[in-house]
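S.K.: Below are the sequence and a predicted model; questions follow.
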Amino acid sequence: MAALIAACGQAPAQTSPTAAPAAMADTAAPAAPASGDCMGIAVEPGATLRFQAAGNPTEQQLYIDGAKRFEEACPGVKLTFEPLNDYQTQMKAAFSAGTAPDVFLLDGELMGAFAPNGLLLPLDAAMAAAGVKADDYFGPTLTLYQQDGKTYGLPKDFNPLVVFVNTDIASAAGVDPAAIKTWDDWSAAAAKMTQGDGPGKQYGLCLNSDILRSGALVFQTGNQFIDGGKAVFNDPNGDKAIEFWKSFKDAGTGALYGDLGKGWCGEAFAGKVTAMAVEGGWIVPFLADPANGATDLNYTAIPLPIPAGGTQASWLFTNAIAANAASTYPQAAAAAVLFLTGEANQKALIPSGLAQPTWKSLASDPYYSDNPVAKTLVEAGSYGKLADAVLGGPVKKGDVIAKLNEAQERIFLGTQTVPEAMNQAATEVDAILSR
């Protein structure tokens, strides 16, 4: 999943990126003395740009194809893609050494590290020149990359959490996936689709003790996790959501993927060990790969069921494309960011199935009429929440998630009750937030 966001190239070292040039403070780029037009942006003539990102071979090819489309749209500008393996480590090292690329993948953690230090190129002036508005994107996917009224990255795609259902198992059990709307419906469906006993038992639902699964249910109850700089996920609503998630294990209708001898829930679902799994669009190419033995698996996807009186919610996972404030060609770099994350390029990527477009207009693309699983995924863009934005911010998010996951482990091991574990986590998270 993290790779959705993957050999190095040679290029002249850039000027030191430790601080943004003064001209970058309130504009996307200084005016070039002579330039060509690219989507309304006056780009520097003869600009040559380096573009770095992580990803598997399939994802790398999508980046290469996008770079070619950009060069066709903006003649005279060269954009060369360079894959990275250890993405965050290599990117931080490149900025420290003054060899960072002009254009690159930006996640929440790097946003928190780079933006406050003036390392990212503000994109707002370039957006205005190209006629791109913040409202063109699903809001949650963009706000993560905005700081102090400026936009430093544009979201390239996203994935939410939904419930994948094996339709053959559902049909045999008399379950209509489309009728699974509430938590009660979900529990009943899992019970009906649980069959057998012992090592060969088929479970209704694959469970994961990561808060980036169960936490979506916490939001459905109206709990906000953190409010006013303090942990609130241990209120009765938050506890109720975690209790419900654990109830599948207690009832014997769900099992942790590790207890099933699998590396993740996608593997358990592909092996038909479980009838349902809560995952994102990253599972789709996994299931389509013959090597994973799921090519005969028939499935659909539904939104996460909601509790009585609750509201729809899901986690969203996204990454952005950004530009280096110290780029020799800031206008061209900004244009590349806008093109790679723009409507036309995102539309070209839709059939890949790897992730969903962040442009709201593309949710009505004809592709989704013929692909109900993808339609369920893309519609979640309107109601999902980003962990980076709600779990203490990009810098503290990792520590907050670690404490919540430790609480989930204690709950599933039975060493603490849900209230005990969540109260302990709240105390630990408050200490993190106060640092």
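M.R.: Thanks, I have the structure now.

S.K.: residues in contact with the residue nearest to G392 when sequence neighbours are not counted?
M.R.: Nearest residue to G392, sequence neighbours excluded (CB to CB, 6 or more residues apart in numbering): V400, at 4.4 Å. No exception for glycine: its C-beta is placed from N, CA and C like everyone else's. Contacts of V400 were listed using CB atoms under 8 Å, 6 or more residues apart in numbering, and they are 226, 391-392, 429, 432-433.

S.K.: Please repeat the previous calculation with a cut-off of 10 Å.
M.R.: Applying CB atoms under 10 Å, 6 or more residues apart in numbering, we find V400 in contact with 211, 225-226, 231, 233, 387, 390-393, 425, 428-429, 432-433.

S.K.: Write the ChimeraX selection for whichever of the residues you listed are buried.
M.R.: Listed next is the ChimeraX selection for buried residues among the contacts of V400, using 16 or more other CB atoms under 10 Å:
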select :211,225,226,231,233,387,390,391,392,393,425,428,429,432,433
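
S.K.: partners of the residue nearest in space to the middle of the chain in the sheet?
M.R.: With distances taken as CA atoms, centre = their mean, the residue of the chain nearest its centroid is F317 (1.6 Å). Assessed by DSSP bridges, F317 has beta-bridge partners N159.

S.K.: quick one: contacts for it?
M.R.: 1-2, 4-5, 107-108, 141, 157-161, 212, 280-282, 355, 384, 386-388.

S.K.: ok so, going back, which ones among the contacts of V400 are found in strands?
M.R.: Members of the contacts of V400 lying in strands (criterion: DSSP state E): 226, 231.

S.K.: among the contacts of V400, which are in helices?
M.R.: 211, 387, 390, 393, 425, 428-429, 432-433 (DSSP state H).

S.K.: what would the residues you listed look like in JSON lines with pLDDT?
M.R.: Shown next, in JSON lines, are those (pLDDT from 0 to 100):
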{"residue": "I211", "pLDDT": "97"}
{"residue": "A387", "pLDDT": "88"}
{"residue": "V390", "pLDDT": "90"}
{"residue": "G393", "pLDDT": "86"}
{"residue": "A425", "pLDDT": "98"}
{"residue": "E428", "pLDDT": "98"}
{"residue": "V429", "pLDDT": "98"}
{"residue": "I432", "pLDDT": "97"}
{"residue": "L433", "pLDDT": "96"}
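
S.K.: I'd like to know which of those residues is nearest to A323.
M.R.: Comparing the ones in helices among the contacts of V400 against A323 with CB to CB places G393 closest, at 22.3 Å.

S.K.: How about the closest one: what's its closest non-neighbour residue?
M.R.: G112 (6.5 Å).

S.K.: same check, this time on L120
M.R.: Y152 (4.0 Å).

S.K.: How about Q416?
M.R.: Per CB to CB, 6+ apart, closest to Q416 is R410, 4.3 Å.

S.K.: Is there a neighbour count for the one you found? I'd like the number.
M.R.: Other residues lying near R410 total 19 when counted by other CB atoms under 10 Å.

S.K.: Assess the claim that it and I242 are in contact.
M.R.: No. In this structure, R410 is not within contact of I242 by CB atoms under 10 Å, at 11.1 Å.

S.K.: Common neighbours of these two, please.
M.R.: Common neighbours of R410 and I242 (CB under 10 Å, 6+ apart) are 418, 421-422.

S.K.: Tell me where this protein is predicted with low confidence.
M.R.: 1-35 (pLDDT under 70).

S.K.: tell me the domain boundaries of it?
M.R.: What automatic domain parsing lists as the domains of the chain is 2-159+318-383, 162-303+391-433.

S.K.: So for G310, which of those domains sits nearest?
M.R.: Comparing the domains of the chain by CB to CB, domain 162-303+391-433 comes nearest, at 4.3 Å.

S.K.: mind checking the end-to-end distance for the closest one?
M.R.: Terminal residues of domain 162-303+391-433 are spaced 30 Å apart (CA to CA, to the nearest Å).

S.K.: Could you shift the numbering so residue one becomes 37, and keep it that way?
M.R.: Sure, I'll start counting at 37 from here, so that last one is domain 198-339+427-469.

S.K.: those strands in the stretch 87-236 of the chain, which residues are they?
M.R.: Using DSSP state E, counting those that start in this stretch, the strands of the stretch 87-236 of the chain run over residues 114-120, 139-142, 182-183, 186-187, 190-196, 198-202.

S.K.: is it possible to export these to TSV including distance to A399?
M.R.: Formatted as TSV, the strands of the stretch 87-236 of the chain follow (distance: least, CB to CB, whole Å):
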stretch	distance to A399
strand 114-120	27
strand 139-142	23
strand 182-183	22
strand 186-187	21
strand 190-196	11
strand 198-202	14
